[in-house]
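Colleague: The following block contains a protein sequence and its predicted model.
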Amino acid sequence: MSGPHVELKLPDAERALAASLATAWRDFLYTPGPGFTSPLDPGAYRSSLVVVPVEGAPVRVSSLVTPVFGGELCRLHLEPLERYRPESLGSFFEPARTGTVYAFTPERGSGAARAPERPEWRYEGLPLVSRLGRITSVRLLRERGRGAAFSWEADRGILLTGVDGVGCLLLSSAETSETALFLPSVGLHRALLDREAAPSPDVTARGLLGYGDWPADVDVAVELLRL
């Protein structure tokens, strides 16, 4: 018996938004604050992300999370932004622009906006404008999972390739629907993208996609699709 099947694929409108990212970018923004970086994966940034193309409306990238099968599945979520406050966001293109966070001040008894003073709350890497200022291709990362009594498909992320030919990954996360992962260097996640990559028992699609604690009979595979 095949059991229930769940599909979390990008709707046509979001798929078109993802394809539209293959263009010139004016800026790439993030929401600073706690959880932006991880001590376990310092090369990944977790945030609500905003792509600002040279032409057209900004696009917010986050996750859509669905409780199912006793756990949680997710897919990437893209939406156009009509209004946003760029001054409150940090920039991967200009690291000196770190945005603002809202913190409770006991002496005032209210929240106040201030710069993200902790290094782990902001981006401190090299400016990425030379890599992401023009995106030449966008490919969809589709996940297929199967257990003993259920199965699913989910559009987990997109692989962006810039003029330098190096890929960056936007990946959905089941931790919170307000954020997605940005990986400027795919690093260990190359196991999701390259079938020729040397296999490692410690680096699997299951683990990288967040299914390490699921039953051992759950199988997870991925493929890249052109948009």
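Modeller: Yes, it's here. The structure presented is a predicted model; accordingly, all values stated were derived computationally and were not measured. Residues are numbered from 1 along each chain as shown.
Colleague: Report the buried residues of the top helix by length along the chain.
Modeller: Taking DSSP state H as the criterion, the chain has its longest helix at helix 12-20. Across helix 12-20, burial judged by 16 or more other CB atoms under 10 Å covers Glu14, Leu17, Ala18, Ala19, Ser20. C-betas here are computed from N, CA, C, even on glycine.
Colleague: who's in contact with it?
Modeller: Contacts with helix 12-20, where a contact means CB atoms under 8 Å, 6 or more residues apart in numbering, come from 10, 53, 56, 59, 76-80, 138, 140, 158, 227.
Colleague: Would you reformat these as CSV and include distance to Leu169, pLDDT and secondary structure?
Modeller: Formatted as CSV, the contacts of helix 12-20 follow (distance: CB to CB, whole Å; pLDDT from 0 to 100; DSSP: H, G, I helix; E, B strand; the rest coil):
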residue, distance to Leu169, pLDDT, secondary structure
Leu10, 16, 97, coil
Pro53, 19, 97, strand
Gly56, 22, 93, coil
Val59, 16, 97, strand
Leu76, 11, 97, strand
His77, 16, 97, strand
Leu78, 15, 98, strand
Glu79, 19, 97, strand
Pro80, 22, 96, strand
Val138, 11, 97, strand
Leu140, 11, 97, strand
Ile158, 8, 97, strand
Leu227, 15, 89, coil
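Colleague: Return a PyMOL selection command for the buried portion of the residues you listed.
Modeller: One line in PyMOL is enough to select the buried members of the contacts of helix 12-20, burial here meaning 16+ other CB under 10 Å:
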select buried, resi 10+53+59+76+77+78+138+140+158+227
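Colleague: Pick out the most distant pair among the contacts of helix 12-20.
Modeller: Distance extremes for the contacts of helix 12-20: the farthest pair is Gly56 and Leu140 at 19.7 Å, using CB to CB.
Colleague: all strands of this protein, in order?
Modeller: 5-8, 25-30, 45-47, 49-53, 59-68, 71-80, 90-91, 101-105, 110-114, 135-146, 151-162, 167-172, 180-183, 219-226 (DSSP state E).
Colleague: Dump those to CSV, plus distance to Glu124.
Modeller: Below are the strands of the chain laid out as CSV (distance: least, CB to CB, whole Å):
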stretch, distance to Glu124
strand 5-8, 34
strand 25-30, 12
strand 45-47, 11
strand 49-53, 17
strand 59-68, 21
strand 71-80, 25
strand 90-91, 10
strand 101-105, 15
strand 110-114, 17
strand 135-146, 23
strand 151-162, 21
strand 167-172, 17
strand 180-183, 14
strand 219-226, 30
